[in-house]
Structures are given as C-alpha cells and as structure tokens.
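Trainee: Output the structure for:
(one chain, ligands or ions: 1)
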Amino acid sequence: MNSLIGFYNAFYASDKNSFGGGKPTPLLEKLLIYVQSGIALDLGAGDGRNALYLAQKGFEVTAVDFSATAIEKIQRVAEHCHVSIHSVIADICDFEFVSEYDVIITTFTFHHLKKDEGFDMIRKMQLNTKAGGYNVITTFTQDGDFYRNDPDKRYFYPKHNELQEMYYGWEIIWYDEREVTALQKNQDGKEQFNTMAALIARKTS
Ligand SMILES: C[S@@+](CC[C@H](N)C(=O)[O-])C[C@H]1O[C@@H](n2cnc3c(N)ncnc32)[C@H](O)[C@@H]1O
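Mentor: Predicted coordinates:
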C-alpha cells in the first residue's frame, strides 16, 4: 500500500482525529449565500467534514478519497445523521468525472499531488463544473514550511496569487492567503507554518 494511504488510514482510524476539528471549512458558509442545492463533488474528502455539511444542507454529494478508513467513517457518520453520500475509494487523479457539478470542493489535498497532477486536476474541475457552478479550494502555497522542506519541489504548491490567476475568466467570489499552523511539527519539534490560499470561484459561462 502507498505509504500516504497508510498514514491517512491510521489517522482516520481514531475518532479523535479530524481536520479542522471536524468542522466544515468556513468557505462553505460563504458559498451557501450563493448556492443552496445541487450536485457536489468533494475530492480528497477525508472523513467528510465538508461532504457531510453539504449533504445535510440538501446537496447530492459524492465524496472521493483513497483512504478506505476515511470513506468508511463518512458512511458511518452519514448513516448516523440520516443523510446519504455517494462515496468512492479512489485516487482522485484516476477519478472519472461522470457528470457536471454545481460545486466541486477540495480542501488541503493538493499538496499531495505532483505539480502536473495539480494543474491537471484544476483543469478537470473547471471543465466538469456547470456554467454558474462553483469551485471551492484550500491549498498550501509556496510561502510555507511544507514547500520549503520539500527537497525535490515535486508537489503542487501554487505561487502567491497563482491559484486565483488559474481562475481567470471566472468570477472570484472569495480569495485570500493567510498563515496557518500545521498539525505536524518539524523534525526538530518546532511548529511548521504554511500559507493557505482559499478560493471560491464561479464559472460564468
Ligand atoms: C489533509 S487531508 C484533508 C481531508 C479533507 N479534505 C478535509 O479538509 O478535512 C488530505 C486528504 O486527501 C486524501 N488524498 C491525498 N491524496 C489523494 C489522492 N491522490 N487521491 C485521493 N485522496 C487523496 C487523503 O487520504 C486525505 O484524506
């Protein structure tokens, strides 16, 4: 098994572990001002904090993640909350988009993709979004410790402002970059800091 999948399976095996304390990204509250229903796709959904929130708000949600433990957890919680989520255990790079979506979201997953995979994924997301639909992304930029500590610089970390520039021609509903503390400490035990880019963009045509 790929060691990253093993890492995330172990992470999600504990009910105590969830990103963002299990709360949905604050971007979704902003998104819901603009769109209240439709078909949504969550790429690298983890244990489903965003997918579950959207399903509870009435969206028809597909959640994709290559951690089977994460997907099992999503299904357990969905059942508990009496909502339905379609889930797929797959590498998002191999995922075949089968429809056009009103909302495609991906949070804190892009830094696991190689550079070309990241650019491809954004192209696929854009192509498979309905006219008037939304993309919601959070990702770490090059202004942070994850990128600085990546010896080969093979992974997808957009430069300052690059994420929103990739959405040229879309309406930018929200964009900001801010410093966040990483869950994982450095090898010497020091905290790591990253800059997180957060985007909500609407496809205008
Ligand atoms: C930091 S977690 C974020 C999870 C979730 N989006 C959230 O914000 O809570 C990254 C997630 O991406 C998943 N992931 C990373 N690379 C992936 C890939 N190539 N295909 C599918 N899932 C992937 C991991 O299994 C993990 O659940």
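
Trainee: Which residue is it, in this structure, that comes closest to the ligand?
Mentor: residue 46 (2.6 Å; Cβ to the nearest ligand atom). For the C-beta atoms, the positions are set from N, CA and C on the backbone; glycine is no exception.

Trainee: State the three-state secondary structure for that residue.
Mentor: Assigned with DSSP: H, G, I helix; E, B strand; the rest coil, residue 46 falls in the coil class.

Trainee: okay, now it: neighbour count?
Mentor: By other Cβ atoms under 10 Å, the residues close to residue 46 number 26.

Trainee: and the residue nearest to it when sequence neighbours are not counted, backbone torsions?
Mentor: Excluding the flanking residues, the one nearest residue 46 by Cβ to Cβ, 6 or more residues apart in numbering is residue 70, at 5.2 Å. Backbone torsions of residue 70, given as degrees, to the nearest 10, read phi -60, psi -40.

Trainee: for residue 188, same thing?
Mentor: Here the main-chain torsion angles of residue 188 (degrees, to the nearest 10) amount to phi -90, psi 10.

Trainee: While we're on the residue of the chain closest to the ligand, how confident is the model there?
Mentor: Reading off the confidence values, residue 46 has pLDDT 97.

Trainee: My read is that it contacts residue 9, right?
Mentor: No - Residue 46 lies out of contact with residue 9 (Cβ atoms under 8 Å); the separation is 11.6 Å.
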